[in-house]
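1. For reference, the sequence and a predicted model appear below.
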There are 2 protein chains.
Amino acid sequence: MAGDGRGLGALLRPDSVAIVGASNDPGRLPGLPIRFLKEGGFKGAIWPVNPQRDLVQGLKSYPTVAVLRGAPDVAIIVVPLPLVQRAIEDCAAKGAKFALVFTTGFGETGAEGAQAQKALLDAAGAAGMRVLGPNCLGCFNSETGFYGTFAIALTKGLHTPGNVAVVSQSGAYGEQLSHLAKERGLGVRYFVSTGNEADINLGEVISWLADEPEIDVIVAYAEGTRRPAELVAALARAQAADKQVVFMKVGRSTAGAAAAASHTATLAGEDRVWDAVFRKYGVYRARTTEEQLDVAYAAARRKFPTGRRAAILSVSGGFGIQLSDAAAYNDLETPPLPADLAERLASLLPYGSIRNPLDASGQVVTHLDKLMTSLELLSGSPSFDAVIAFFGTVPLVDSMGAPLFEAVVGGAPSIADRLVVLSLVADEASVRGYERAGYLVFEEPYRAARAVSALAYLGAARRRTAEPVALPASADLPGDALSEFSAKALLAQFGVPVPPERLATSADEAAAAAQAIGFPVVMKICSPAIAHKTEIGGVLLSLASEAAVREGYDRLIERALAAGYDRGVVEGVIVAPMAARGIETILGAQNDPVFGPVVLFGLGGVHAEVFKDTVIRLAPITEQEAHEMIREVRSWPLLDGARGAEPADVDALAKALSGLSRFAAANADRVSTIDVNPFVVWPKGKGAAALDALVALTPATDHQAG
Amino acid sequence: MAGDGRGLGALLRPDSVAIVGASNDPGRLPGLPIRFLKEGGFKGAIWPVNPQRDLVQGLKSYPTVAVLRGAPDVAIIVVPLPLVQRAIEDCAAKGAKFALVFTTGFGETGAEGAQAQKALLDAAGAAGMRVLGPNCLGCFNSETGFYGTFAIALTKGLHTPGNVAVVSQSGAYGEQLSHLAKERGLGVRYFVSTGNEADINLGEVISWLADEPEIDVIVAYAEGTRRPAELVAALARAQAADKQVVFMKVGRSTAGAAAAASHTATLAGEDRVWDAVFRKYGVYRARTTEEQLDVAYAAARRKFPTGRRAAILSVSGGFGIQLSDAAAYNDLETPPLPADLAERLASLLPYGSIRNPLDASGQVVTHLDKLMTSLELLSGSPSFDAVIAFFGTVPLVDSMGAPLFEAVVGGAPSIADRLVVLSLVADEASVRGYERAGYLVFEEPYRAARAVSALAYLGAARRRTAEPVALPASADLPGDALSEFSAKALLAQFGVPVPPERLATSADEAAAAAQAIGFPVVMKICSPAIAHKTEIGGVLLSLASEAAVREGYDRLIERALAAGYDRGVVEGVIVAPMAARGIETILGAQNDPVFGPVVLFGLGGVHAEVFKDTVIRLAPITEQEAHEMIREVRSWPLLDGARGAEPADVDALAKALSGLSRFAAANADRVSTIDVNPFVVWPKGKGAAALDALVALTPATDHQAG
């Protein structure tokens, strides 16, 4: 019944709304929707259903759903729990398109509630009626005045339709976020709370919003998802439509994740896979409400810098320093002023300190033409992607605030297309005035810098062409586990280089293999059943003669038998060249229970194991993405020639990682984990190779690489 | 002239204030001090000095300083730059105790200004008059109404005397911070802006504040310090007096540090040495204004938890998850509910989700007795150090806000001594009401958790008894550089273990040494002139016979000569046992140009060099502090038995680190750097030893350990 959002038009732009269980008291929860609909000037039909009254809040009331004048686009169910099923059935029978169920006590409470939720959904589904909720706070469209919600914060004022939409699994959070957005001057056009997501879920709503021309920013909140594919498709659709999504996904901490698992029936999965999803689709992940609102506010202005180079201008040296720190905290660059610009500024600002941060000195507050010229010079310079200007409390000063406002707002047209962020303390009216002129305004330097950083992130995601990654045909995989040799042979087909090694099934073959490879060689027992070869002494190094190889073959087979393995599960012995020393890395893939195949990279040894210094991406990835990924681990300098070492062959590494990811993606139905450890990378131009590899097939085995 | 702050009483509690250059216009800067003094109800004498008027803002004006009715406690100088020197001389001649110089154009502008500043200071000093500024914004005492400032934000309202003081090198920042503090309901009793600190500096002001009984929290801002010892003494004094200092020190980033060096004539030094100073004295370092105000606000309530275990209560499951995340982001623990508590809560809250975070469910909003019982149970439990309760937008709801307020404020006495932080959105009056009842209130979950974390940090610092570290007598150091052997011998005296090695000055001695030590041995050329031994082939390993040792001796001497070293600078050859493998660490010390001796610790190899994974502390440190330091590096798990390794002998390591720090502190006047690299640590019980050591004496040499 779920869809790509195309069908939500009547939910968010209904012509008729029935409120089943409507109260006459506009102060009580069941009375609030009608109150808000009236206050919002909703032009459609409002049909209260309340058998005990003729009029509800001045509107004709209907005793039952059956006698309504028509099938409502939206039926809001605000009856107590025991009456919900009946109300749903009535609405379905009447032909309502959507039912909004605010009532709690369903899937979120346990098995019995889940049963009731299923019954509700079945009744609706049989009639083709869609359901929002249960346990939701409804939705609104502030343009049409359709407030299908009892979000009580609306008693503090309704919304102004802007280019922002809020969609939240949690009604309480969505309500709070919308309230704070309104206080911040953001125009929330649509609000949808999806609650238990029995039917309509976050992904479907985001998909619908992605096609709404008035919407630029989608502010989302989730604890998990039950329909990951739909969510991913929605984020991709939003990205393609150039809508920016600012997402808070909670449950990052262990305690939070445990609570999320308990609180929702949704799957949260491994938190950092969410990061990988967000990154792939250019979604900004916010950790705090403040951050989420700041970024939504900034993104709503639609000025996205093409880089991270910020020019800082202040009227007080100390604040320039603070802003430089704030820029650095937020990964912005503050490159020096180019010489010609520095020269012009020096002659303009004799009392200034001519650098980046530019301290224009307090003098410019009384020479506003100089201030504006400085601002124009900085914002017009191709050396910078954004300007952050600090005016502090100057706007509060009666004698200075007004002229400053006039000058800065007056000068806005000449810098209209540039990103100029003001850090200042002013009354709300002035702040709104600066904003209308095109500036972003933050009180706190840190938040100003964070917003620029977020815009740079979003801007980079916009410029990224979503290059489709060609997938290989799915491989012909055996029914059960793969040995090291088979795993490597398989991976080699998909671009993961392996050493020129051979599988010997007798001492003779081993000797011949060693001759062909050249001494010394390594020998390893080969069996899909033996994951931890070293534990049974299944690896022999530096075998330098034919006799040693022959003897080695027998010894390895004996050890496998001694360890209790059946001769039948031993494929033979791998004979491989001694690998030259290089940098040991780990390439991996796994099937995330929520989002499917992900690819992992890290350096071997302590880096991945002890320091957890690994990065993941959704598979598949291009070689370019692999290059980015490789550079993200903290231990990257070790590949890049730290301490005078030769830089490693990162091209070979990236190629292998991309190949592995494509293989994992193409065979996601069969491959549960891949662990190439170590994948040794030699110096630039010398290549790389998988020295060991484990491919675990579905059904998942307990195997882990040794 | 600087002091420990004892002499600032007349500055901050003056009986008489002269304003030299006072304007009759209360809207102009030179008119603002009188305006604020009058508005503040200042009871002392106010003496405008203005030769052009008989009355200034209704007060009798004096044509010159000389004719004032007495020597003012404070003379505020608001004349233009060319007239400042004369004004200072006049005030000094009159016997003024303090001159406040707001005028800019002094030390902050370059050499000429610095000259003028010196002249000003000389004139004042000759008469025993103290100077605040120049280039400062003055100071105020909101209790007595003494507003010796033209901080223009005061036109938006004067301050209420509470237990908070603001002291800032930057007038603009101090003004903004105080303004925002006031808006936040914080009572700023004292404000001092120190400007160029020609005389009175931040440290002296903090010292004075440390002795003020009404002050609990000192909010400070600095870009650097010219009197580090005074600052350190002040922070120690504040700590001893149980005042919490919340400090923003800017210039952390490279660009910020460069701007700070240019902006102020103060020394910033290495930024992380400031961290070490702050840590030592329990000072909280804030990165943003919001953080600084949040922490000051929290500290001002004086409820310091004794640990980091937070119980989370929410009326909405999603927010509980968000708070759990926020707690984790801020290094708080959220341990499970103890069984008995869980049982009681389960029977109390049948719809709740009984865990930590506790989701009491929206039901409790209409069962406030249950909410309060839950709050009491959690806050009374010895399993938690703090409770963070989330009410979201409930307070905004007309029908719920008032009963919630009544219940929560009414229940406050029973949890009065506990730290209970509320995360909610409410109007200002309600927030103040919750605060008066003893709660801390934050809108944002993240900020609530950060405040608890800050209080835990401050609380731990309060409980830490500043254990004095006994220093050894200063060592008898040579006039010039130390060889490895001498350096080790010296360090060994102070508790840094070294291998049982010998210095041989002939092949015979080398052979005898090797016999005594036992074969195989290591041999190293030993000279204070040769820092990079390996570069000249000055190290020989695994010498297994007397003959090899004899031959080795000659070879090393030859190599030193071949490398161009004079025989006279070669002390001989070190003969040492081959060290068993262990974990290589680095112990170091250096003399910070600002704060003096600091001690450094890190793991060797890539950890310190590539990943900059080192920690520093002000020297000296106790063994306990050394233990803490060792556990702070990211690579700590490698010492703690990661990947099945034996845990290292951390006791031996801590002992050596403490010893090294005490040596460095006792000889700070002579020792510029110490570099013990590698300091190898063997498994627990097996000890540790310095395998190489370099001690560079003052004057600093270019030596660095190889």
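-> Nice, thanks for sending it over.
2. Phi, psi for residue A:591 please.
-> Main-chain torsions, residue A:591, degrees, to the nearest 10: phi -100, psi 100.
3. typed the wrong thing, it's residue A:599
-> phi -120, psi 140.
4. and the nearest residue to it once chain neighbours are set aside, how many neighbours?
-> The shortest distance from residue A:599 to any residue that is not its chain neighbour, by Cβ to Cβ, 6 or more residues apart in numbering or on different chains, is 3.9 Å, and that residue is residue A:661. C-beta coordinates here come from the backbone N, C-alpha and C atoms, glycine included. Residue A:661 has 32 neighbouring residues, counting by other Cβ atoms under 10 Å in any protein chain shown.
5. For residue A:661, report the pLDDT, please.
-> As summarised for this prediction, residue A:661 has a pLDDT of 96.
6. Tell me if it really is in a strand.
-> No: according to DSSP: H, G, I helix; E, B strand; the rest coil, residue A:661 belongs to no strand; its state is helix.
7. these two touch, right, it and residue A:623?
-> No: taking Cβ atoms under 8 Å as the definition, residue A:661 is not a contact partner of residue A:623, at 9.9 Å.
8. So for stretch A:403-418, what gets flagged as buried?
-> Neighbour-count burial for stretch A:403-418 flags A:404-405, A:407-409, A:411-412, A:415, A:418 (criterion: 16 or more other Cβ atoms under 10 Å in any protein chain shown).
9. May I see these arranged in TSV, with distance to residue B:448 as well?
-> As requested, these are arranged in TSV below (distance: Cβ to Cβ, whole Å):
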residue	distance to residue B:448
A:404	35
A:405	35
A:407	40
A:408	35
A:409	37
A:411	40
A:412	38
A:415	39
A:418	37
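10. can you list those residues in a markdown table and add distance to chain B?
-> Listed next are the buried residues of stretch A:403-418 as a markdown table, based on distance: Cβ to the nearest Cβ, whole Å:
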| residue | distance to chain B |
| --- | --- |
| A:404 | 12 |
| A:405 | 16 |
| A:407 | 18 |
| A:408 | 18 |
| A:409 | 21 |
| A:411 | 22 |
| A:412 | 24 |
| A:415 | 23 |
| A:418 | 21 |
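11. In the stretch 251-400 of chain A, what residue spans correspond to strands?
-> Using DSSP state E, counting those that start in this stretch, the strands of the stretch 251-400 of chain A run over residues A:284-285, A:310-314, A:358-359, A:386-392.
12. Let me know which of these is tucked in deepest.
-> strand A:310-314 (a mean of 30; mean count of other Cβ atoms under 10 Å in any protein chain shown).
13. Tally up the residues packed near the closest residue to residue A:410 other than its chain neighbours, please.
-> Leaving out its chain neighbours, the residue that sits closest to residue A:410 by Cβ to Cβ, 6+ apart is residue A:372, at 7.9 Å. Neighbouring residues of residue A:372 were enumerated by other Cβ under 10 Å; the total is 19.
14. try residue A:563
-> Residues contacting residue A:563 under the criterion other Cβ under 10 Å number 14.
15. Tell me, what's the model's pLDDT at it?
-> In the prediction, the pLDDT value recorded for residue A:563 is 93.
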